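A.B. asks: using only what follows, build the 3D model:
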Amino acid sequence: MIDHRKIPFVTIGIVLLNILGLVYELSVGEDVAVAQFAMYEGALRDGEWLRLIVSAFIHFGIMHFGSNIICLIFFGMSFEKAIGPVKYILIYIAGIIGSGLMINFIGGPDGVHAGASGAIWALMGATLILTIRRHQNPIYVGRGIIFNLIYSFSAGISWQGHVGGGLAGALVALIIIRDSAGRTGYDPHAPG
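C.D. replies: Residues are numbered from 1 along each chain as shown. A predicted model of the protein is given here:
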């Protein structure tokens, strides 16, 4: 018998939304989809609020889509099982918003940004918090984040989206993920 509590429905749903974004992009053309929905510096000032969310489901081609979906499945399925669907979706949405806000304010005058990587970075930031909260060695997660941060500064990579998403995910995780004693965040009355 299948235990439905173990099926990562949220990750599956997010993958399907990304597939819908890809289908749309293929039907209208990448240039049109990017022009309509990619995030850019000052988009919110220009009243382009829809870009804040939709840009996370538009990609720069099949390779960009594929690499993000593989990362989403790798991080998403195990992370959703570890913390549950509600906390997972809160962190994922925070990553989308954090990524978009960072791009909106410091995306660069000529940059256009799209893709799920900001939200994936939120999962990575939250994984670091979860690891620390569970009193596990964070060195492997930390190494992965450092490696990906260095890679994010490569040409053509939206480091703003990655950093914004990672910070948002870590911040939300600090608030909603409990440690082994059931505590969240800073407790001034905790021993030690």
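
A.B. asks: quick one, phi/psi of the residue most central in space within the chain?
C.D. replies: The chain has A119 as the residue nearest its centroid, 1.0 Å off, counting by CA atoms, centre = their mean. A119 adopts backbone torsions of phi -70, psi -40, taken as degrees, to the nearest 10.

A.B. asks: how about F74?
C.D. replies: According to degrees, to the nearest 10, F74 has phi -60, psi -50.

A.B. asks: check what pLDDT it gets.
C.D. replies: Looking at F74, its pLDDT reads 87.

A.B. asks: the one 5 residues further on now?
C.D. replies: F79 carries a pLDDT value of 93.

A.B. asks: which residues touch it?
C.D. replies: Y88, L123, A126, T127, L130 (CB atoms under 8 Å, 6 or more residues apart in numbering). Heads up, the C-betas are built off the backbone N, CA and C, glycines and all.

A.B. asks: for it, which three-state class applies?
C.D. replies: Following DSSP: H, G, I helix; E, B strand; the rest coil, F79 is assigned to helix.

A.B. asks: quick one: K6 and S78 touch, right?
C.D. replies: No: K6 is not in contact with S78 according to CB atoms under 8 Å; the separation is 11.1 Å.

A.B. asks: and those two? Which one has more around it.
C.D. replies: The neighbour comparison of K6 against S78 (other CB atoms under 10 Å) goes to S78, with 14 against 9.

A.B. asks: mind listing what's buried in stretch 32-49?
C.D. replies: Buried residues in stretch 32-49, counted by 16 or more other CB atoms under 10 Å: A33, V34, Q36, F37, A38, M39, Y40, E41, A43, L44, E48.

A.B. asks: show residues contacting it.
C.D. replies: Contacts to stretch 32-49, defined as CB under 8 Å, 6+ apart, come from residues 21, 24-25, 28, 50-52, 54-55, 57-58, 60, 99-101, 103-109, 111-114, 161.

A.B. asks: could I get the full set of helices for the protein?
C.D. replies: Under the criterion DSSP state H, helices of the chain are mapped to 9-28, 30-37, 50-54, 61-83, 85-106, 117-133, 139-152, 159-176.

A.B. asks: and the fourth one, which residues are buried?
C.D. replies: Using 16+ other CB under 10 Å as the test for burial, helix 61-83 gives H64, F65, N68, I69, C71, L72, F75, G76, M77, F79, E80, I83.

A.B. asks: closest one of these to Y151?
C.D. replies: C71 (11.8 Å; CB to CB).

A.B. asks: contacting residues around the closest residue to the closest one other than its chain neighbours?
C.D. replies: Leaving aside its chain neighbours, C71 sits nearest to I120 (5.0 Å; criterion: CB to CB, 6 or more residues apart in numbering). Listed by CB under 8 Å, 6+ apart, the contact set of I120 reads N68, C71, L72, F75, G76, G95, G165.
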